[in-house]
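Asker: take this sequence and fold it.
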Amino acid sequence: VPKKDSMGMDYIPVYADDTGSGVAVSPEMIQTMGIRTSPAETRDFSRVLRAFGTVETNERLENVTVSRLEGWIENLAVNAEGDTVRPGSLLYRIYSPDLIAAQKDYLNSFKIGNEARIASVRQRLRSLGMQNAAIDRLTETRQVIERVPVYAEAGGTVAELQVRNGDYVKPGTPILRLQSYADVWVIASVPESDLPLVQAGMPAELDFPSAPDAPGKGQVDYIYPTIDPKTRTADVRIEVDNVSGYLRPGAYADIRLNIGGRPRLSVPSEAILLGSEGARVVIAEGNGRFSGRAVQTGTSANGRTEILSGLESGDMVVASGQFLLDSEANLKEGLAKLEAPDASAASPETPL
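Answerer: Residues are numbered from 1 along each chain as shown. So this is what the prediction gives:
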């Protein structure tokens with residue numbers, strides 16, 4: 001009659017395997033304990049990862065205009081943030097005594113006819129901030145331009161305007177910042193455990209509640225190298241076409257990534273036993289014999305866990321009832337250590 005524990009439940013008889021480490025269980029007990037085995041096999045780990053994020057400006061499409069010389073701003077063509085600027089359009093004119101002197105020197109070099117000097121003074125005009133269009137006009141008309149025009153080198157929307165008509169500027173003074181919204185970034189928060197499955201260039205499906213007509217596709221552009229210690233998530237940058245202009249910075253985005261598509265050696269996740277020494281599984285060796293084995297695990301998806309080392313394809317692992325088997329194997333190992341003679345035990349002759 002099986003013994004009973006303190007709560008009145010029957011002990012399950014499990015026998016030590018004399019052939020080595022592990023335990024041996026009779027077929028009747030295997031059925032009673034509900035032991036179920038499953039092979040380690042290569043499976044497709046593809047799944048859909050849901051993430052959430054916000055729309056942000058594409059910093060690559062930002063253009064900052066700064067002054068290269070001393071002078072006074074006149075005829076400012078943009079008046080406020082939000083104004084649209086086209087490439088090549090007039091931004092402002094500047095009155096600069098230094099630039100006027102350089103233009104006179106340039107025209108004098110033509111009278112001398114020294115080509116080397118002409119090229120040198122032309123380069124000086126460029127370094128002072130005079131653009132090629134204005135230099136070409138000066139070359140053609142041979143007349144000093146007192147209010148030198150400054151044209152936009154890139155198009156976009158005025159995101160920041162830092163001067164007004166009549167302002168005095170010096171070299172390095174910020175004038176305005178242009179931002180193009182033809183492309184935007186969506187910054188998604190991805191759990192730390194899923195980061196190894198996300199790769200640059202991966203397609204992303206997006207849904208914007210505030211802009212249902214916006215493009216629903218993007219591409220992973222960059223995975224940030226840091227993890228937020230509070231949320232255990234990392235930022236993933238997705239580039240999205242926004243020529244239509246539907247997307248605005250700050251808008252909420254629902255993101256879906258199809259990740260982990262490559263085949264991986266895996267076992268059912270419930271077969272993994274986690275302890276102080278790491279992950280392990282219980283191997284079904286056949287003929288009712290079972291033994292524990294340490295494994296190194298990878299990612300988990302669809303109820304399965306990737307095995308990086310410790311198992312080969314076809315190895316049978318216990319997916320149900322393994323806790324009883326593992327505890328019995330550990331008990332046998334502990335008893336064996338207790339029964340082993342201790343070579344260092346003190347003899348009666350050993351001095352205290």
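Asker: burial measure for Val317, as a count.
Answerer: 22 (other CB atoms under 10 Å). Quick note: C-beta positions are derived from backbone N, CA and C, even for glycine.
Asker: now the one helix or strand it maps to: average pLDDT?
Answerer: Counting by DSSP states H and E, the element that carries Val317 is strand 316-320. Taken as a whole, strand 316-320 has an average pLDDT of 87.
Asker: so what's the residue nearest to Gly71 when sequence neighbours are not counted up against?
Answerer: Nearest residue to Gly71 in three dimensions, chain neighbours excluded: Ser96, at 3.2 Å (CB to CB, 6 or more residues apart in numbering). Ser96 is in contact with Leu69, Glu70, Gly71, Trp72, Leu128, Val148, counting by CB atoms under 8 Å, 6 or more residues apart in numbering.
Asker: okay, Ser96: pLDDT?
Answerer: Ser96 carries a pLDDT value of 92.
Asker: got it, and Leu335?
Answerer: Leu335 is given a pLDDT of 40.
Asker: with Ala102 instead?
Answerer: What the model reports as pLDDT for Ala102 is 91.
Asker: what does the helix or strand in which it is found rub up against?
Answerer: Following DSSP H and E, one finds Ala102 within helix 97-112. Contacts to helix 97-112, defined as CB under 8 Å, 6+ apart, come from residues 69-71, 117-118, 121-122, 124-125, 128-130, 138, 142, 144-146, 148.
Asker: so where's the stretch 251-352 of the chain uncertain?
Answerer: For the stretch 251-352 of the chain, applying pLDDT under 70 flags the ranges 260-261, 321-352.
Asker: apply 90 and report the result again.
Answerer: Filtered on pLDDT under 90, the stretch 251-352 of the chain yields the residue ranges 258-264, 270-271, 273-278, 280-293, 298-306, 318-352.
Asker: Asp136 looks like it's in a helix, true?
Answerer: Yes. Counting by DSSP: H, G, I helix; E, B strand; the rest coil, Asp136 is part of a helix.
Asker: list the residues that contact the residue nearest to Leu311 when sequence neighbours are not counted.
Answerer: Spatial nearest neighbour of Leu311, chain neighbours left out: Ala40 (4.5 Å); criterion: CB to CB, 6+ apart. Contacts for Ala40 (CB under 8 Å, 6+ apart) come out as Leu265, Ser266, Val267, Ile307, Leu311, Glu312, Ser313, Gly314, Asp315, Met316, Val317.
Asker: could you do Val190 as well?
Answerer: Counting by CB under 8 Å, 6+ apart, Val190 makes contact with Leu49, Ala51, Val198, Thr233, Ala234, Asp235, Val236, Leu257.
Asker: run the last query once more with 7 Å
Answerer: Residues in contact with Val190 (CB atoms under 7 Å, 6 or more residues apart in numbering) are Ala51, Val198, Thr233, Ala234, Val236.
Asker: hmm, which two among those are most spread apart?
Answerer: Greatest spatial distance in those: Val198 and Thr233, 11.6 Å, computed using CB to CB.
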